[in-house]
Every structure is written in structure tokens, then in C-alpha cells.
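Engineer: please work out how this folds:
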Amino acid sequence: MLMMDDKNKQDLNELGRMPASLFVRWHIDVQLLLGLVMTLLISLFVLYSASGQHFDMLLRQLMRTGLAFVVMIAVAQLPPRFYAKSAIYLYILGVIMLILVEVIGDISKGAQRWLDLGFMRIQPSEIFKVVMPLIISVFLARGGVPPRFDSVVIAFILISIPCALVLLQPDLGTAGLIGISGFIAVFIAGMSLWWLIAGGVAAAAVVPIMWNYVLHDYQKQRVLTLIDPESDPLGAGYHIIQSKIAIGSGGLFGKGWLQGSQSQLDFLPEPHTDFIFAVLAEETGLIGFLILLGVYSYIILRCVIISFNARSTFERILSATFTFTFACYIFINIGMVSGILPVVGVPLPMVSYGGTSMITLAVSFGIIMSIHTHKRSLTFRS
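Structural biologist: Have a look, this model is predicted:
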């Protein structure tokens, strides 16, 4: 009888270890996955209200999120060395696709951003949200850190090429996000503070040139609207004014789920995509914002821990770059709908309705999981 009891206890212990071993076998970081699932629940909660209580949109979002999670798990199966070896090929392919967009790309709403492959349309600029941190991390890891001056110069050339091509589409927002992700990689690699200051001065000197010769009229209008949205309350300033009203009227506890006047009465533009944060703030108030911020902070903290524990320079730079780029997306969207940044069309990560941005983030998180779960170190020869 005693032997039977011991066997039962052993079987129970094995049963308890099965879920953990399953996650390990599939290279899934449970803590990071938990944070992402929590954002999904928040997304579905807010989206149902923001979409005008359309269950079909909720179902489509759930399907897209499911696809994104499948992509994330698939990406996590490949070791970091695979992505390091593929970086240069992905970069060259991405640049070629951006050039093809300029030559034969589809034009939609006055912008030429899509490439029609026959069976599907893709937006090559989205690829660089992953490829840019990847190529810069590989390049700087090979050259050694902190990077030398010539390495920084070459890194910024690598960043500038796709950014310039995306600006031609024109897509200032995506070009800025790609540039930010590349810059974060260079900064994390240990770029000198003096180089950072010099770069800031140089960027400031370029601003007048960009204003006069690069930016389109509607892009200039976005900047002017940020400064004084009340100058055109029914035109260019309408989006920001309605968004600020929604956020401010939420108060501490909000007006209640499905009770937001700005979103339910269609005063708030694009409530299910770019301005979904305003819906959350109006209906759940400061409490809802703090809950969302807490979930985001949990995800970022987990990714930072993974970055610190990474086994190679390349893995540390790449995972940290993905992490802080994700944080930048959050800051840009919330700043945009709050009226402290220009409206550039950046969705709220993992919450806004959409598929492309979610797939891009899923690839990033999949690579972070790969870095954490594949224990073999990756080193480069100088």
C-alpha cells in the first residue's frame, strides 16, 4: 500500500510538471505570454465598446490575435543565431521591396505604400520595424561594443536608406518609427554621450530643410495643429479636441463601459484604431489607464529581465531594442491622443484593432522568447 501511495505521488508530480515542460519544449516564456494575454483581454473589452458594439469586429480581432500568437510561437522555435545569419538578407530584401513600392506599388488614399503580390497585399515598410533592430544589432555586435565612430556612421547609413524610401511613399510616421528603432539599438550598444549630443545638434539643423523641402502640406498641418488645435476646431484640430474631451471627461472612475458619449455618439474619430486609448480613458477613467499601464509595465519589465540575462551581446542589444521600441510605441500613441505629440497614425500596441502591427509585434516578442529559451550562446568574431 505504501508503494502504491509513493507511485501515485510520483504520478501527480509528473502531471504537475507536464504543463511547464510543454512550455519549455515550445520555447514559450510563460510570464511574457501572461502579460500579452492580459493585453488581449483589455483589447477585447475596450474594442467592443469602441466598435459600436459590433460583435463581428470583435471576432475578427480575436482571429487576428490568434494568428499573431501562432506567429509568435513559430518565431520562438528558431534560435537567435538563425535571425543573426538572416539579418543582411532580410535587410536587402526589404530595401528591394521598398524600391518596388516606388515603381509599381499600389496607391491608396494618396499614398503609395502597398505591394500587390497577386494573392495578397503587403506593406514592406512594416517589415523594417523588425528588420531594422535586427540588422543594427548584428552589425554592432560584430564590431564590438561600445561602437567605434565609423561603426556608428555606418549604422546610421543603414538606418537612413529605408527611412528615406519610406518618406517617399509618403509615410512620416512609419519612417520615424523605423528610425527610432535603429537609433535605440545604437544607443543601447553604448554610443558616446558626446556623439548623442552632436547628433541632436545635427538633427536640429536639418529640421528647417525637412520643413521646407521634405514634409508635405498635410504633415506640416499636423505639427501646426499640435501647437494650436483650437485654430481649426472643425477641421485639422477636430481629432485632437474630441480626444482630449474624451480623456478629460473620464475622471477617476470613468463614465462606465459602453457609456462613453464621445465614442458612442461618434464624436471621436477612429475610436477602434488610433484613438482607442481615448475610449478606454473616457469609460474607465484614471483607474483603467493605470491598469493598462500596469500590464504594459509588466511586459516591459519581463522583457528587460530577459535582456539582462541574454548570453551574447547581439541578443542583449536586440531584445533590449525590441523592448524599448515597444515602450516608444505606447508613449507615441498615448501622447498623440493626449495632444502632446502630432497625430502620426501609430496604433496602441496589442490593443488597437488591426492585423499588420500586431503581427509585427508578435514577431518581436517571438524573437525575445527565442533569446530567453535557447540557451546556446551566440558570439561573433571581430
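Engineer: can you pull out the strands in the stretch 1-150 of the chain?
Structural biologist: Across the stretch 1-150 of the chain, reading from the start of the chain, the strands by DSSP state E, counting those that start in this stretch fall at 106-108, 111-116, 121-122.
Engineer: any idea how far residue 127 is from the residue nearest to residue 168 when sequence neighbours are not counted?
Structural biologist: Here the nearest residue to residue 168 in space, its sequence neighbours aside, is residue 102; by Cβ to Cβ, 6 or more residues apart in numbering that works out to 6.0 Å. C-beta coordinates here come from the backbone N, C-alpha and C atoms, glycine included. Taking Cβ to Cβ, to the nearest Å as the measure, residue 102 and residue 127 are separated by 15 Å.
Engineer: same question, residue 147
Structural biologist: 24 Å.
Engineer: residue 94 too?
Structural biologist: For residue 94, the distance to residue 127 (Cβ to Cβ) stands at 5 Å.
Engineer: likewise residue 189?
Structural biologist: Distance, residue 189 to residue 127, by Cβ to Cβ: 22 Å.
Engineer: ok, residue 327 to residue 333 distance?
Structural biologist: Taken as Cβ to Cβ, the spacing of residue 327 relative to residue 333 amounts to 11 Å.
Engineer: with residue 129 instead?
Structural biologist: Computed as Cβ to Cβ, the residue 129 to residue 333 distance reads 14 Å.
Engineer: any stretches of the stretch 151-300 of the chain with poor pLDDT?
Structural biologist: By pLDDT under 70, the weakly predicted segments of the stretch 151-300 of the chain are 213-214, 226, 228, 231-232, 234, 236.
Engineer: now the helices: where do they sit in it?
Structural biologist: Per DSSP state H, counting those that start in this stretch, the stretch 151-300 of the chain has helices spanning 172-188, 193-209, 217-227, 238-249, 261-264, 276-308. These are given in chain order.
Engineer: of those, which is nearest residue 369?
Structural biologist: Minimum separation from residue 369 across those (Cβ to Cβ) falls at helix 276-308, 8.1 Å.
Engineer: can you give me the buried ones in the closest one?
Structural biologist: Of the residues in helix 276-308, 276-285, 288-289, 292, 295-296, 298-300, 302-303, 305-307 count as buried by neighbour count, 16 or more other Cβ atoms under 10 Å.
Engineer: what's the angle from that helix to helix 238-249?
Structural biologist: Here helix 276-308 runs at 80 degrees with respect to helix 238-249, directions being taken by axes from the mean of the first three to the mean of the last three Cα atoms, to 10 degrees.
Engineer: which strand or helix spans the closest residue to residue 129 other than its chain neighbours?
Structural biologist: The shortest distance from residue 129 to any residue other than its chain neighbours is 4.9 Å, reached at residue 360 (Cβ to Cβ, 6+ apart). Taking DSSP states H and E as the criterion, residue 360 maps to helix 356-373.
Engineer: and residue 327 and residue 333? Which one has more around it.
Structural biologist: For residue 327 versus residue 333, neighbours defined as other Cβ atoms under 10 Å are more numerous around residue 333 (23 against 18).
Engineer: hmm, residue 274 and the more buried one touching each other?
Structural biologist: Yes: taking contacts as Cβ atoms under 8 Å, residue 333 lies within contact range of residue 274: 7.2 Å.
Engineer: mutual contacts of the two, please.
Structural biologist: The contact sets of residue 333 and residue 274 overlap at 346, 347, 348, 352 (Cβ atoms under 8 Å, 6 or more residues apart in numbering).
Engineer: give the contact list for the third one.
Structural biologist: Read it as residue 348. For residue 348, the residues meeting the contact criterion (Cβ under 8 Å, 6+ apart) are 274, 276, 277, 330, 333, 334.
Engineer: could you redo the last one with a cut-off of 6 Å?
Structural biologist: 276, 277, 333 (Cβ atoms under 6 Å, 6 or more residues apart in numbering).
Engineer: and it, how far from residue 300?
Structural biologist: Computed as Cβ to Cβ, the residue 348 to residue 300 distance reads 15 Å.
Engineer: how about residue 69?
Structural biologist: Residue 69 sits at a distance of 19 Å from residue 300 (criterion: Cβ to Cβ).
Engineer: please apply the same query to residue 246.
Structural biologist: According to Cβ to Cβ, residue 246 and residue 300 sit 26 Å apart.
Engineer: same question for residue 260.
Structural biologist: When distance is defined by Cβ to Cβ, residue 260 is 27 Å away from residue 300.
Engineer: go on, residue 248?
Structural biologist: Counting by Cβ to Cβ, the gap between residue 248 and residue 300 amounts to 27 Å.
Engineer: same check on residue 278?
Structural biologist: Applying Cβ to Cβ to residue 278 and residue 300 gives a distance of 22 Å.
Engineer: look up how far residue 178 lies from residue 167.
Structural biologist: Counting by Cβ to Cβ, the gap from residue 167 to residue 178 is 10 Å.
Engineer: looking at the two, which is more packed in?
Structural biologist: Ranked by neighbour count (other Cβ under 10 Å), residue 167 and residue 178 place residue 178 first, with 26 against 20.
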